[in-house]
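Peer 1: give me the fold of what follows.
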Amino acid sequence: MSNAHSDVKQNTGKTYEAIIIGSGFGGQIAALNLTKEGITDFLILERRDFMGGTWCQNTYPGAAVDVPSPLYSISSEPYDWSQMFAEQHELHEYTNHVIDKHGLREKTQTSANVNKIQWDEAQQLWFIHVDGKAEPYCSRFVINASGPLSTPVIPNFKGRDSFKGKSFHTNNWEHSYDYKGKRVAIIGSGASAAQVIPAIAPDVAHLDVFQRTPHWVLPRPDRVFSGWQRKLLRNKWFYKALRTSIYWALEFRVVGFKYSQLALEIIGGRKARAFIKQQIADPEMQRKVTPDFTLGCKRVILSSTLYPAYCRDNVTLHDKHNGIKEITEKGIITQDGVEHELDLIIYSTGYDATDGVISYPVIGCEGKTIAEFWQDYPRAYLGTALPGFPNLFIVTGPNTGIGHTSALFLIESQMQYIMHSIKAVRQGGHQSVEVKPDAEQKYTDHIHQEMKKTVWQTGGCNSWYKSKSGKVIAMFPGFSFTFRRWANNFKKADHQFADK
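Peer 2: Predicted structure coming up:
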């Protein structure tokens, strides 16, 4: 037995059939699917002291979903949304509605930060180590649903720690701090920043926005649902029909993202350029907000309020030509040598969503770690399973992101594969299942061959979709219904099973 396994202990406590790591939508969908399969002996581990994941954690001003809510919801859990693009508070309510309806609080251990998981081949079990707990949890199956947008990143700007004012990441917004009337800087101009900026700009004394690269922006086609419309949403058949119509309207975007730059230009490029001229009169400001890459290469922002916020008298937009030189005790010095005195710095600088998709060590067969397996770049069969890591499934793993439709559609698709795998083990009288190395290699090669055709690879930008390897790791290069078909077609020949 290798040194990496030297601290695996004999299981003396309860063994769960499945442990789910994370209680966001991925964890909830996993729990619902396990229950549907008759597996009730499972436990959810949540590192925070509350359940719900990203929509309970991200409470910054202006937070809202950028996919129509009837589609950005669990397929089996319709909801009478108040508007097409739900705001954070309503998504929080929906999340807790699902949790309470299905009794998931009783199945969850909060404040349980997983610091390592290990596979023991002799016992055919996963040992899940949690901060502050002497004995590890034991489980036959592990479903990691910790989420790709759960580990915030703050770049190491020169002098970052010297700032005497207040600072925090949008992921950890401090509501006890009153930003009204204060001198504020926000670093970043992506999806979260685009929601925060219009929300706080009217209330601050001055807002400095530090933009590394601009994003393409399209108007947000939001609408508030009337009473009779919300009543219709409570009808499961109407809800399903509305979901379906939204799904197919959005799915057409893949044609532009992958197959036709002309279609992409027609679908959004012209509209995005016209939107800039429509909302911004100043030619210099127009220049600052116009990207030099193809629409879709980075995440497209939906906002009808961002550009007007940039045009406010109390807002200054700094682009890469006059960006951050260093952070001081008093504020930020820009490249032109001017010091901007500040009370608050907001970091809207994203997440480690590719190389850091799992934040804790995972030790599989023969002491091999996922970090070693992913040394070149993160990869997984259907973005879910890895050779050498039996009975382990990753929700929203490598190449399962989706830029045109609901992430929950992909999660529910992954869950079909996960449930097929678990059923194959249980019904076949086996102890474990793992994908074969050649099957994973074939799948990964195909994904990155297809990726060469996409705007994420050829659009001329450097986005968080890419890992440090330069490969696009976050996105799936095709139609979401293709992924669902693959996930639902369990190929037994691609897997190997083990018995005690």
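Peer 1: going forward, measure contacts between C-alpha atoms and count neighbours the same way
Peer 2: Will do.
Peer 1: how close does the nearest residue to Arg379 once chain neighbours are set aside get to Ile370?
Peer 2: Counting by C-alpha to C-alpha, 6 or more residues apart in numbering, the nearest residue to Arg379 once its immediate chain neighbours are dropped is Pro398, at 5.4 Å. Computed as C-alpha to C-alpha, to the nearest Å, the Pro398 to Ile370 distance reads 12 Å.
Peer 1: name the SS class of Phe141, please.
Peer 2: Look at Phe141: counting by DSSP: H, G, I helix; E, B strand; the rest coil, its state is strand.
Peer 1: how about the strands in the stretch 201-350 of the chain?
Peer 2: Per DSSP state E, counting those that start in this stretch, the stretch 201-350 of the chain has strands spanning 206-210, 217-218, 301-302, 315-318, 324-327, 331-334, 339-341, 344-347. These are given in chain order.
Peer 1: can you say which of the ones you listed is nearest to Phe490?
Peer 2: Nearest to Phe490 among those is strand 301-302; the distance by C-alpha to C-alpha comes to 35.8 Å.
Peer 1: quickly run through the sheet partners of that closest one, with directions.
Peer 2: Taking DSSP bridges as the criterion, strand 301-302 forms sheet pairs with strand 217-218 (parallel).
Peer 1: rounded mean pLDDT for the strand it pairs with, please.
Peer 2: Mean per-residue pLDDT for strand 217-218: 96.
Peer 1: so what's Val357 scoring on pLDDT?
Peer 2: Model confidence at Val357, expressed as pLDDT, equals 73.
Peer 1: so it is in contact with Pro148, correct?
Peer 2: Yes: at 5.3 Å, Val357 counts as touching Pro148 under the criterion of C-alpha atoms under 8 Å.
Peer 1: any common contacting residues for the two?
Peer 2: The contact sets of Val357 and Pro148 overlap at Gly397 (C-alpha atoms under 8 Å, 6 or more residues apart in numbering).
Peer 1: what ranges of this protein fall below the confidence cut-off?
Peer 2: Low-confidence regions of the chain, defined here as pLDDT under 70, cover residues 1-13, 149-150, 352-356.
Peer 1: counting neighbours, which bits of the lengthiest helix in it end up buried?
Peer 2: Among the elements of type helix in the chain, defined by DSSP state H, the one spanning the most residues is helix 407-427. Across helix 407-427, burial judged by 16 or more other C-alpha atoms under 10 Å covers 407-422, 424-425.
Peer 1: so between Pro398 and Ile370, which is more surrounded?
Peer 2: Pro398 (27 against 20; other C-alpha atoms under 10 Å).
Peer 1: that one touches Trp374, doesn't it?
Peer 2: No: counting by C-alpha under 8 Å, Pro398 sits too far from Trp374 to count as a contact (10.3 Å).
Peer 1: the residue nearest to Arg379: which element?
Peer 2: Here Pro398 is covered by no helix or strand, with elements defined by DSSP states H and E.
Peer 1: show me what the longest helix of the chain is packed up against.
Peer 2: Using 3 or more C-alpha pairs under 8 Å, 6 or more residues apart in numbering; DSSP states H and E as the contact test, the elements touching helix 407-427 are helix 25-36, strand 432-435, helix 480-488.
Peer 1: nearest to Ile332, of the ones you listed?
Peer 2: The stretch from the helices and strands packed on helix 407-427 with the least distance to Ile332 (C-alpha to C-alpha) is helix 25-36; that distance is 37.7 Å.
Peer 1: which residues does the closest one contact?
Peer 2: With C-alpha under 8 Å, 6+ apart, helix 25-36 has contacts from 20-21, 40, 42, 44, 52-53, 74, 95, 98-99, 102, 104, 143-147, 395-396, 408, 411-412, 415, 419.
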